[in-house]
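Asker: fold the stuff below for me.
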Amino acid sequence: MGSSKRLAAHYDMRSQYQAILAAARCGPLQSLTDRELALREQPVTIYPQPYRAVRAWVRFGPEAVRVDAKLARSTPAAAGIEFRAGETTFRCWVWGNAVTADDA
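Answerer: Okay, here's the model as predicted:
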């Protein structure tokens, strides 16, 4: 039997959603603190929609998971991202080197 690229993408997305929700049960979504972001000292860029697609490492409690996300804002050292799992939208700040551009 052959496989469908369309269905493969769907199953990949479902698998990622399940991984995110499983990680979310391990603890709260971690985000950089105000002190780490230093927003009073660093410029912040806010991106209009559509956001740029990225891949990012996020942490729920002790559990790390790589997610497909949208870049919403950034500083010279950090990225503000958002990502979805099912009906839930998550938003957090991560270090810039935890994010790579999604060229796909």
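Asker: what is the end-to-end distance of stretch 27-46?
Answerer: With C-alpha to C-alpha, to the nearest Å applied, stretch 27-46 spans 28 Å between its terminal residues.
Asker: in that stretch, what's buried?
Answerer: 30, 31, 32, 37 (16 or more other C-beta atoms under 10 Å). The way it works is simple: take the backbone N, C-alpha and C, and place the C-beta from them, glycine included.
Asker: could you do stretch 85-93 as well?
Answerer: Within stretch 85-93, judged by 16+ other C-beta under 10 Å, the buried ones are 85, 90, 92, 93.
Asker: do you have the helices of this protein handy? List them.
Answerer: 5-24, 34-37 (DSSP state H).
Asker: least reliable of these going by mean pLDDT?
Answerer: Mean pLDDT is lowest for helix 5-24 out of the helices of the chain, coming in at a mean of 73.
Asker: picking that back up, which one of the buried residues of stretch 27-46 is nearest residue 51?
Answerer: Of all the buried residues of stretch 27-46, the one with the least separation from residue 51 (C-beta to C-beta) is residue 31, at 17.3 Å.
Asker: quick check, that closest one in contact with residue 92.
Answerer: Yes. Using C-beta atoms under 8 Å, residue 31 is in contact with residue 92, at 3.8 Å.
Asker: report the central residue of this structure.
Answerer: In the chain, the C-alpha nearest the mean C-alpha coordinate belongs to residue 69, at 4.0 Å (C-alpha atoms, centre = their mean).
Asker: quick check: that one touching residue 57?
Answerer: No. Using C-beta under 8 Å, residue 69 is not in contact with residue 57; the gap is 10.0 Å.
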